[in-house]
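[1] Return atomic coordinates for the entry below.
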Amino acid sequence: MGDGLSRAAAKKGESGLLPKVNRIRNGSEIKRILRNGRFHFSSTLFRIFADLSQGAGIRVAVVCSKKVGGAVDRNCTRRAIHRLVLKYWHKLAKNFDVVVVPKMALRGSVACDEEFRKGFEAIGCN
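    The predicted structure follows:
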């Protein structure tokens, strides 16, 4: 597919999950982006950090602390953010590593959607 997602990734996107090839799973890479990220956006709901990636493609990590809530709240928040990433995937340049840090539990409200759109536009305008 022309938007940076593979066919399998687009199929996975229907379930609201990012494919593993588009996730950052290495803790040292997440720390590098948080520490050295060139682009960032902050709102009352979350913070977004981004940096140019060494490889091709967009990779995303969602880091939920225990301040967000219990395990169920953190997982629901993580899934909600993955769905928002897939929705606004086209707003990012094709070689970005992105880390999203929610400040509170997100339940997919319209305000959350709007803030996320603004954040992706702020950090990743093509």
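
[2] Where does Lys67 sit: helix, strand or coil?
    helix (DSSP: H, G, I helix; E, B strand; the rest coil).

[3] Give me the pLDDT for it.
    Note for Lys67: predicted pLDDT of 92.

[4] quick one, what contacts it?
    103-104 (C-beta atoms under 8 Å, 6 or more residues apart in numbering). For glycine as for every other residue, the C-beta is placed from the backbone atoms N, C-alpha and C.

[5] measure it to Pro102 for me?
    From Lys67 across to Pro102, the span is 9 Å (C-beta to C-beta, to the nearest Å).

[6] Same check on Ile81?
    Counting by C-beta to C-beta, the gap from Ile81 to Pro102 is 7 Å.

[7] The longest helix along the chain - contacts with which helices or strands?
    As assigned by DSSP state H, the longest helix anywhere in the chain is helix 71-87. For helix 71-87, the packing partners by 3 or more C-beta pairs under 8 Å, 6 or more residues apart in numbering; DSSP states H and E come out as strand 59-62, strand 96-102, helix 110-124.

[8] From the chain's centroid, how far away is the last one?
    Averaging C-alpha positions (C-alpha atoms, centre = their mean, to the nearest Å) puts helix 110-124 11 Å from its chain's average.

[9] And Phe29, which helix or strand is it part of?
    In this structure residue 29 is Glu, not Phe. Mapping Glu29 onto the secondary structure by DSSP states H and E places it in helix 27-36.

[10] Any buried residues in that helix, and which?
    29-30, 33-34 (16 or more other C-beta atoms under 10 Å).

[11] For Ile81 and Pro102, work out which one has more neighbours and name it.
    A count of neighbours by other C-beta atoms under 10 Å puts Ile81 above the other of Ile81 and Pro102, at 26 against 23.

[12] so what's the spatially closest residue to that one that is not a sequence neighbour scoring on pLDDT?
    Sequence neighbours aside, Val62 is the residue nearest to Ile81 in space, at 4.8 Å (criterion: C-beta to C-beta, 6 or more residues apart in numbering). pLDDT, Val62: 93.
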